[in-house]
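S.K.: need a structure here:
(one chain, ligands or ions: 2)
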Amino acid sequence: MEKSLFWADQLADKIIERSKREKRKPNIKCQQTPSGGKHIGNLNDVVRAYFPYKSLMERGTKAEFVHMTDDRDPLKAVPKRLADLDGNWHESSKLKDMSKYLGVPLCRIPDPFGCCKSWSEHFTKVWMEGVRSLGMNPTLYSVDDLYRKGKFEPFIRMVFRRKDRVGEIVSKYQKTKSKDYIPFDAICPRCGRLANVSSFDLKKKRVGFMCGGKAIKDRRSEGCGFVGEVPWSEGKLQWRFEWPALWAMFHTTFEPFGKDHAAGSWISGQEIARNIFDIEPPIPYVYEFFLVNGEKMSASVGNVFIVQDMLKIMEPEAFLYYYTKKPGKQRDLDLENIILLINDFEHAERVYFGKDKESNENERKNLTRQYFMSVKDVPKGMPMRLSYQFASMISQAVSGKDYVEQAVRILQSTGHLKENPTKKEIEAVRGRIDLAGNWIRTYAADEYRIKLVERPERKILASLSNDQKKALRDLQALLSTKELTEDKLYESLWVIAKKNNLTAPEFFRGAYQVLLNRESGPRLAQFIIAVGQERVAKVLSSV
Ligand SMILES: [Zn+2]
Ligand SMILES: [Zn+2]
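M.R.: Numbering: from 1, shown residues only. Ligands and ions are numbered 1, 2, ... in the order given. This next block holds a predicted model:
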């Protein structure tokens, strides 16, 4: 097979090479803490694992794709907004007060919505619902479950046995910690919070501790002062050790992680993997987080989005396409102009099916790979896909219960749909119009919101030049005489402008002013077709 230049294929090459050398089935791992504040930026962790995995599957290389839920992590902060199981947001201040659980493992905290067994079960469900609705299906592992089943035991033992080396590593990477520090916390049986241990027993498999509180982010969780022992299964390796222990447990071949880990726990993790757990760390892949509408998402600010939010305005494949772009630099997901992303996706789809030409061969191959990665099951032929941009206009031109029928009539008049469309085609139209309509109502920039005026303003009519008026009358005449396709109309607009000695911008500006009462607007031909030639002609008749 020819070497692919697509980033995920190149990672898959490396994964295959390593797994052959190690004579093991590749293990591709990702993970997430069900903190309640995880968003589409954190989704990178899953997606950057999924694409190389999909590349392996395509080549017939069997691999494991696993997803940890870090449900034994403590609650570090209560996010400003929390999502229910349907993906709808609620202000956390209006739910039960959860701040008393700071420092308690997420799997031991009640569900703030009361519908699941625990905080972690609830937010793992919300998260995995998003992951699976994009067509990704990793095997889910609960870290709490792995502790309860004793799967961490051999690794906890190694950490305790190699206490001296562990102490050296800890004090090297965490300046505040001494060489006697034991990177293991116990869950206090009295208050439920995590507390650092001071002793261990290799035979009885127990740890001793005093519940003295722990630093959490920039504050401390309070301890209750309890002094006693618990079994190892009622404790937790600290993250810097837990992460490499999971690599060892799963024989992880490849794992993506965010920039935040790259400079911290990944550096110490490699040393811990080699010197404490006697394994080679996985092939790493560092991804950038991204901005949404130019801002960093933050659970404490509350400006986070989850997959469920995105699927209200676009199809899973269009959203997943965003992540196929080369992830080296920080990107901005511009929800106001989401049309631009979806245009890109539609182009990739047409290139894939040979409907759009792409003269640069590397770019053509890249788009083909991006499309393949985004779509769960690539259809045999080009699917019916009404352009999102057009759909967004039609969604504003139709209304009432029979909006789908109205849309179908518009699309028949423009030649987008045949006389007797199939059920599937009608459903495709409905799907796109609903999504684009939701986008218009929620995130769209003003320029995409269109409303044809009833009659043009006097002031505007007075401001038009004679040439502009003549051109608009020509347009009125054209629209009233025959039904046009979008392409035909587009051509005619240029002819009309030229005939009346106008530059295209002069003509278009006049049209926007008269029809929309503003200086600029959407693609004129598309707009006229979407709202209907007759209605536009009627407004133009006052020129
Ligand atoms: Zn729940
Ligand atoms: Zn306690």
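S.K.: How much space separates the residue nearest to Lys96 when sequence neighbours are not counted from Cys191?
M.R.: Using Cβ to Cβ, 6 or more residues apart in numbering and skipping the chain neighbours, the partner closest in space to Lys96 is Pro112 (5.5 Å). The C-beta positions use only the backbone N, C-alpha and C, and glycine is treated the same way. Between Pro112 and Cys191 the computed distance is 19 Å (Cβ to Cβ, to the nearest Å).
S.K.: Break down the stretch 1-150 of the chain into its strands, ranges please.
M.R.: With DSSP state E, counting those that start in this stretch as the criterion, the stretch 1-150 of the chain has strands at 27-32, 64-69, 81-83, 89-91, 139-142.
S.K.: The lowest-mean-pLDDT helix or strand in the chain near ligand 2 at all?
M.R.: Lowest mean confidence among the helices and strands of the chain (mean pLDDT, DSSP states H and E): strand 219-221, at a mean of 76. No: using Cβ under 5 Å from the ion, strand 219-221 stays clear of ligand 2, coming no nearer than 9.5 Å.
S.K.: switch to numbering from 290
M.R.: Got it, first residue is 290 now, which makes that one strand 508-510.
S.K.: and the helix or strand following that strand, which strands flank it?
M.R.: Heading C-terminal from strand 508-510, the first helix or strand you meet, by DSSP states H and E, is strand 516-520. Strand 516-520 pairs in its sheet with strand 495-499 (antiparallel), by DSSP bridges.
S.K.: contacting residues for the closest residue to ligand 2 within the stretch 590-739 of the chain?
M.R.: Residue nearest to ligand 2 within the stretch 590-739 of the chain (Cβ to the ion): Gly591, separated by 30.7 Å. By Cβ atoms under 8 Å, 6 or more residues apart in numbering, the contact list for Gly591 reads 368-370.
S.K.: just these now: which is nearest Pro794?
M.R.: Nearest to Pro794, judged by Cβ to Cβ, of these is Arg370 at 43.6 Å.
S.K.: quick one: the closest one and Trp378, what's the gap?
M.R.: In terms of Cβ to Cβ, Arg370 sits 5 Å off from Trp378.
S.K.: and what of His705?
M.R.: From His705 to Trp378 the distance is 36 Å (Cβ to Cβ).
S.K.: Any regions of this structure where pLDDT drops low?
M.R.: Scanning the chain for pLDDT under 70 picks out the ranges 290, 616-617.
S.K.: Going by neighbour count, which residues in the longest strand along it are buried?
M.R.: Longest strand of the chain, by residue count under DSSP state E: strand 483-490. Judged by neighbour count (16 or more other Cβ atoms under 10 Å), strand 483-490 contains these buried residues: 483-486, 489.
S.K.: could you check the angle strand 516-520 makes with that strand?
M.R.: Orientation of strand 483-490 against strand 516-520 (axes from the mean of the first three to the mean of the last three Cα atoms, to 10 degrees) gives an angle of 70 degrees.
S.K.: Report all helices and strands that strand 483-490 contacts.
M.R.: Here strand 483-490 touches strand 473-476, strand 495-499, strand 503-505, going by 3 or more Cβ pairs under 8 Å, 6 or more residues apart in numbering; DSSP states H and E.
S.K.: again, 10 Å this time
M.R.: With contacts taken as 3 or more Cβ pairs under 10 Å, 6 or more residues apart in numbering; DSSP states H and E, strand 483-490 sits against helix 442-450, strand 473-476, strand 495-499, strand 503-505, strand 516-520, strand 524-526.
S.K.: Which among the ones you listed is found nearest to Val697?
M.R.: Short answer: strand 503-505, nearest of the helices and strands packed on strand 483-490 by Cβ to Cβ, at 56.6 Å.
S.K.: got a list of what Gly512 touches?
M.R.: By Cβ atoms under 10 Å, 6 or more residues apart in numbering, the contact set of Gly512 is 392, 477, 479-480, 482-485, 498-503.
S.K.: which element follows the helix or strand hosting Trp555 toward the C-terminus?
M.R.: Secondary structure from DSSP H and E places Trp555 in helix 554-564. Once helix 554-564 ends, the next helix or strand along the chain (criterion: DSSP H and E) is strand 572-576.
S.K.: neighbours around Ser648, how many?
M.R.: Each residue near Ser648 was counted by other Cβ atoms under 10 Å, and the total is 6.
S.K.: I figured Ala686 was touching Tyr692, is that so?
M.R.: Yes: contact criterion Cβ atoms under 10 Å: Ala686 and Tyr692 qualify, at 9.4 Å.
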